[in-house]
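>>> Prediction below, plus the sequence it came from.
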Amino acid sequence: MSGSSDAAGVQSIRRAASVLRALAQRSQSGARMVDITRETGLIHATAHRILQGLIAEGLASQNPATRRYHLGPYVYELGLLAEPRLALSGVVEQSVDLLAERTGDTVFAAVRAGGDALCIRRKAGSFPIQAFTIDVGARIPLGVGCGGLAMLSALPEEEADSIMAANAPRLASFTSLEPQVLVRLVGEARVRGYAVNVSRAPGVVAVGVAVRGADGVLAGALSVAAIESRLPPERIEQVARLLRAEVRRIEKAQQPARKPEAEEE
């Protein structure tokens, strides 16, 4: 009896989490019930019941005029509480600007959001032709962009495989990349130590390196994108070195200052 009760509890949590993710993907416009049921696979009655529970707890809200659902105010409060440990936005700005200056190309910073990557900063370099493949605030499946590819390669294989399997049905909406190609790119990135892929835009190449938080857990990634002619193999390695140097600086900046050892009496 206890085992079945635990399983039901886990299933309820997973369903509620899937509804929250569906709301997050439409954080600006709001989600219709049909959007939520399609993306979660839940039947209307179940999705409605979960939404009512989330609304009661402040985790979701509904616009009475449009009838669309949004993330609730308590999600924002939770985000503020989690920010000191998880947020990269306060420490990546300098690195993004510096990389854009040194490479002349477009630099992106993204954070992990479950099975997705969320772009938090973008900076164009001085080269006249720029690769604006992802907008700030865009949320895409891990692996679609080079930053997400770098994040997948930094995860344990079992976890990365699970995310890729879950995201496979969504890939076609974002990229022409086949799931089996994504698996290969992740494997190559693990061996290489950084990710390289042909980006969402034709003729664009990107290089990405994962970033870990103060607790050592995967937090996000930095990536550089440029037109293909600007990233031949020898320059890819050069850009990767620049990315790695900034990732080390970011990770070091997040470490708490060590207290001086007490003097012996």
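Arrived safely.

>>> Pull up the gap between Gly30 and Phe127, please.
38 Å (C-beta to C-beta, to the nearest Å). For the C-beta atoms, the positions are set from N, CA and C on the backbone; glycine is no exception.

>>> At which residues are the helices of the stretch 151-265 of the chain located?
Using DSSP state H, counting those that start in this stretch, the helices of the stretch 151-265 of the chain run over residues 157-171, 179-192, 233-254.

>>> ok and the last one relative to helix 179-192, angle-wise?
Right, helix 233-254. Relative orientation of helix 233-254 versus helix 179-192 (axes from the mean of the first three to the mean of the last three C-alpha atoms, to 10 degrees): 70 degrees.

>>> if we compare the helices of the stretch 151-265 of the chain, which one ends up closest to Leu218?
Counting by C-beta to C-beta, Leu218 lies closest to helix 157-171 out of the helices of the stretch 151-265 of the chain; the figure is 9.4 Å.

>>> The closest one relative to helix 179-192, how many degrees between them?
140 degrees.

>>> Now helix 157-171: buried residues?
Ala160, Ile163, Met164, Asn167, Ala168, Arg170, Leu171 (16 or more other C-beta atoms under 10 Å).

>>> Among these, which pair sits farthest apart?
Farthest pair in the buried residues of helix 157-171 (C-beta to C-beta) is Ala160 and Arg170. Separation: 15.7 Å.

>>> Please name the bridge partners of the most centrally placed residue in the chain.
The centre of the chain sits closest to Ala117, judged by C-alpha atoms, centre = their mean, with a distance of 1.7 Å. Applying DSSP bridges to Ala117 yields these beta-bridge partners: Arg112, Ile140.

>>> my read: it touches Arg139, true?
Yes: counting by C-beta atoms under 8 Å, Ala117 touches Arg139, with 7.3 Å between them.

>>> got the domain boundaries for the protein?
Domain ranges of the chain: 2-78, 87-254, per automatic domain parsing.

>>> Compare the helices of the stretch 151-265 of the chain and report which one is nearest to Glu101.
helix 233-254 (10.6 Å).

>>> avg pLDDT for the closest one?
Across helix 233-254, pLDDT averages out at 92.

>>> do stretch 214-229 as well
Mean predicted lDDT for stretch 214-229 stands at 88.

>>> go on, stretch 115-123?
Mean per-residue pLDDT for stretch 115-123: 88.

>>> what does it contact?
By C-beta atoms under 8 Å, 6 or more residues apart in numbering, the list of residues contacting stretch 115-123 from outside reads 21, 25, 88-89, 92-93, 96-97, 99-100, 106-112, 132, 134-142, 144-145, 147-148, 151, 163, 166-167, 220-221.

>>> From these, which land in strands?
Thr106, Val107, Phe108, Ala109, Ala110, Val111, Arg112, Arg139, Ile140, Pro141, Gly220, Ala221 (DSSP state E).

>>> CSV for those residues, including neighbour count?
Listed next are the ones in strands among the contacts of stretch 115-123 as CSV, based on neighbours: other C-beta atoms under 10 Å:
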residue, neighbour count
Thr106, 27
Val107, 28
Phe108, 32
Ala109, 27
Ala110, 33
Val111, 23
Arg112, 26
Arg139, 17
Ile140, 25
Pro141, 24
Gly220, 29
Ala221, 32
